[in-house]
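> What follows is a predicted protein model with its sequence.
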Amino acid sequence: VHLEESGGGLVQPGGSLRLSCVFSGSMGSIWAMGWYRQAPGMERVLVAAITDNGNTNYGDFVKGRFAISRDDAQHTLFLQMNNLQPEDTAVYFCNAGNGGSYYGHIGENDYWGQGTQVTVSS
């Protein structure tokens, strides 16, 4: 499984970004995909996840600002982020897993992209 993120960048507080993750390879064992983020000196935490039948789960800090979606025909996972705040600054990683990652529990067999930097600053 190969994951490649894009769409990060610098945005002002209150702005929006849309992250994309193109996935490829053998996805048969993958039950859920998602986005995690990691700020300097902090743990990697769940932002949002989506199962292969469309169920979604979000981190508490999202508070309705972000939306995860997937287009399996285009092999792409998306994260629409609105009303971004400085505390959203982090490296955002695309994740593919077969269970716990949907609930925020990183598994040793999870797949990861290389990450994309999101910086929210005026």
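That came through, no problem.

> ok so L3 is a strand residue?
Yes - secondary structure assignment (DSSP: H, G, I helix; E, B strand; the rest coil) places L3 inside a strand.

> Could you report the pLDDT at it?
The model reports L3 with a pLDDT of 97.

> what's the answer for K63, then?
pLDDT, the model's per-residue confidence, is 86 for K63.

> Ok, S29 next?
For S29, the pLDDT comes out at 82.

> So it sits against N98, correct?
Yes - counting by C-beta atoms under 8 Å, S29 touches N98, with 5.2 Å between them. Backbone N, C-alpha and C define where each C-beta goes, glycine included.

> what about these two, which has more around it?
Applying other C-beta atoms under 10 Å to S29 and N98 shows that N98 carries more neighbours, namely 15 against 12.

> Q114 and S6 touch, don't they?
No - contact criterion C-beta under 8 Å: Q114 and S6 do not qualify, at 10.3 Å.

> higher neighbour count, those two?
Neighbours per residue, other C-beta under 10 Å: of Q114 and S6, the larger number sits with S6, 14 against 10.

> Distance check, that one against G34.
Noted for S6: a distance of 16 Å to G34, by C-beta to C-beta, to the nearest Å.

> same thing with S26?
18 Å.

> who are the neighbours in contact with the residue nearest the centre of the chain?
Compute the mean C-alpha point of the chain, and by C-alpha atoms, centre = their mean the closest residue is W35, 1.6 Å away. Contacts for W35 (C-beta atoms under 8 Å, 6 or more residues apart in numbering) come out as 19, 21, 46-49, 68, 77, 79, 92-95.

> ok, now with 6 Å
By C-beta atoms under 6 Å, 6 or more residues apart in numbering, the residues touching W35 are V47, A48, L79, Y92.
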